[in-house]
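>>> generate a structure from the sequence data that follows.
(4 chains)
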There are 2 protein chains.
Amino acid sequence: MTFSIGILSRRAGVKVPTIRYYEQVGLMPSPPRTDGQQRRYGDAEVARLNFIRHARELGFEVDAIRELLAMSAQPEESCAEVDRLARRHLAEVEQRIARLISLRTELQRMVTECGHGRVGECRVIQVLADHGECDHDHGGARTGFAEA
Amino acid sequence: MTFSIGILSRRAGVKVPTIRYYEQVGLMPSPPRTDGQQRRYGDAEVARLNFIRHARELGFEVDAIRELLAMSAQPEESCAEVDRLARRHLAEVEQRIARLISLRTELQRMVTECGHGRVGECRVIQVLADHGECDHDHGGARTGFAEA
DNA sequence: CTTGATCCTCTAGTCGCTAGAGCTTGTAGA
DNA sequence: TCTACAAGCTCTAGCGACTAGAGGATCAAG
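Residues are numbered from 1 along each chain as shown, chains lettered A, B, ... in the order given. Here you go, the predicted structure:
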């Protein structure tokens, strides 16, 4: 009926310390404890954790997931807010893609122009040292690098 | 002939605290100081900082930039290493692009399928709650989110 | 000589975890 | 029932690349 954090971890595919972290930041509830202070979970928590994992895999931030969870608990409400959140995230993803594609173009140019000689004549080094040659925008904004 | 960190900041387009951070992590040298402990720089530092900024804008990590700087100080060496670094970085960028494009596809599907009704029938929430419907890989690896 | 912009160091915060120390608890087998 | 020991617990610190702020010193112009 109830199970430990390790079992929950296996059922939802989320590491144990991550679950405790989610509890700390308010994504997961503080579950009941045994007399020895060990956490005990039920099936509802498996579902909730799966939801969180899916959202993280899609790149939603923790703050957004908190909102999504709150909204999904109100099934009678309009889903306009949910939609807005998802669209905003989609727009961010698209921006990152655009940024990365422009980086890729530049990197490709650099490596194809490299004559494989000495560092002194290396195109890669030259471009980095004297970026005036290609001063289109990509200066200052987000690069699109990251993680998860 | 020599100038302050603020001037260097403006000439290279890098914020003052960031320059101090670069010094701390060994990308920039510890420059000579005035009697009052203020840093004094010359033109060589402007060039070096520009190199660093360009490399960061292209998404190179600080460790990679350290190597690139060391190599660019050896103009007689072969640029094979430089080339290798740039190609590796390009490959990473391409991986991130691929990952983000698959996320985009999924997000697009979610938002276009949303009927704009109640949360209870919202496609976005359904997909997050029951990811079994689309269980192709994107589970566990890097998401491609980031920064800079 | 005064003003105030700029400089200094140091600490802590960002995000989403992850790693480790050092200790306690639960459970399965003998 | 006892004993291992896997798994749990809390707490702190670290990742990367900065950014923000406190609290005070210094420099250059007028």
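>>> to what extent is residue A:117 buried, counted in neighbours?
Using other C-beta atoms under 10 Å in any protein chain shown, residue A:117 is surrounded by 12 other residues. (Each C-beta comes from the backbone N, C-alpha and C, glycine too.)
>>> list the contacts for it?
With C-beta atoms under 8 Å, 6 or more residues apart in numbering or on different chains as the criterion, the residues that contact residue A:117 are B:78-79.
>>> please report phi then psi for it.
phi -100, psi -120 (degrees, to the nearest 10).
>>> mind listing the helices for chain A?
A:5-12, A:16-24, A:43-57, A:62-72, A:80-113, A:123-129 (DSSP state H).
>>> pick the most buried one from those.
Among the helices of chain A, the stretch with the highest mean neighbour count (mean count of other C-beta atoms under 10 Å in any protein chain shown) is helix A:123-129, at a mean of 22.
>>> follow-up on the earlier one: okay if I get the helices of chain A as a markdown table plus mean pLDDT and distance to residue B:45?
Converted to a markdown table, those look like this (pLDDT from 0 to 100; distance: least, C-beta to C-beta, whole Å):
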| stretch | mean pLDDT | distance to residue B:45 |
| --- | --- | --- |
| helix A:5-12 | 97 | 50 |
| helix A:16-24 | 97 | 41 |
| helix A:43-57 | 96 | 42 |
| helix A:62-72 | 95 | 39 |
| helix A:80-113 | 94 | 24 |
| helix A:123-129 | 93 | 14 |
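>>> rebuild those helices as a markdown table, extending it with distance to residue B:12.
Converted to a markdown table, the helices of chain A look like this (distance: least, C-beta to C-beta, whole Å):
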| stretch | distance to residue B:12 |
| --- | --- |
| helix A:5-12 | 47 |
| helix A:16-24 | 38 |
| helix A:43-57 | 37 |
| helix A:62-72 | 34 |
| helix A:80-113 | 19 |
| helix A:123-129 | 12 |
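>>> need the residue closest to the centroid of chain A.
Nearest residue to the geometric centre of chain A (C-alpha atoms, centre = their mean): residue A:59, 3.6 Å.
>>> so that one makes contact with residue B:102?
No - under the criterion of C-beta atoms under 8 Å, residue A:59 makes no contact with residue B:102, lying 10.7 Å away.
>>> quick check: closest non-adjacent residue to residue A:33.
Nearest residue to residue A:33 in three dimensions, chain neighbours excluded: residue A:39, at 6.0 Å (C-beta to C-beta, 6 or more residues apart in numbering or on different chains).
>>> model confidence for the one you found, exactly?
Note for residue A:39: predicted pLDDT of 98.
>>> and it, what is it in contact with?
Contacts of residue A:39 by C-beta under 8 Å, 6+ apart are A:4-5, A:31-33.
>>> check these against DNA strand C, which are close?
residue A:4 (C-beta under 7 Å from any atom of the strand).
>>> nearest to DNA strand C, of the contacts of residue A:39?
Among the contacts of residue A:39, residue A:4 lies closest to DNA strand C (C-beta to the nearest atom of the strand), at 6.8 Å.
>>> separation between that closest one and residue A:83?
37 Å (C-beta to C-beta, to the nearest Å).
>>> residue of chain A nearest DNA strand C, please.
For chain A, C-beta to the nearest atom of the strand, closest residue to DNA strand C: residue A:36, 2.1 Å.
>>> return the residues in contact with the nearest residue to residue A:114 once chain neighbours are set aside.
The shortest distance from residue A:114 to any non-neighbouring residue, by C-beta to C-beta, 6+ apart, is to residue A:123 (4.7 Å). By C-beta under 8 Å, 6+ apart, residue A:123 lies in contact with A:110, A:113-115.
>>> from residue B:21, how far off is residue A:29?
Residue A:29 is 39 Å from residue B:21, by C-beta to C-beta.
>>> I misspoke; the intended subject was residue A:79.
From residue A:79 to residue B:21 the distance is 44 Å (C-beta to C-beta).
>>> alright, calling it a day.
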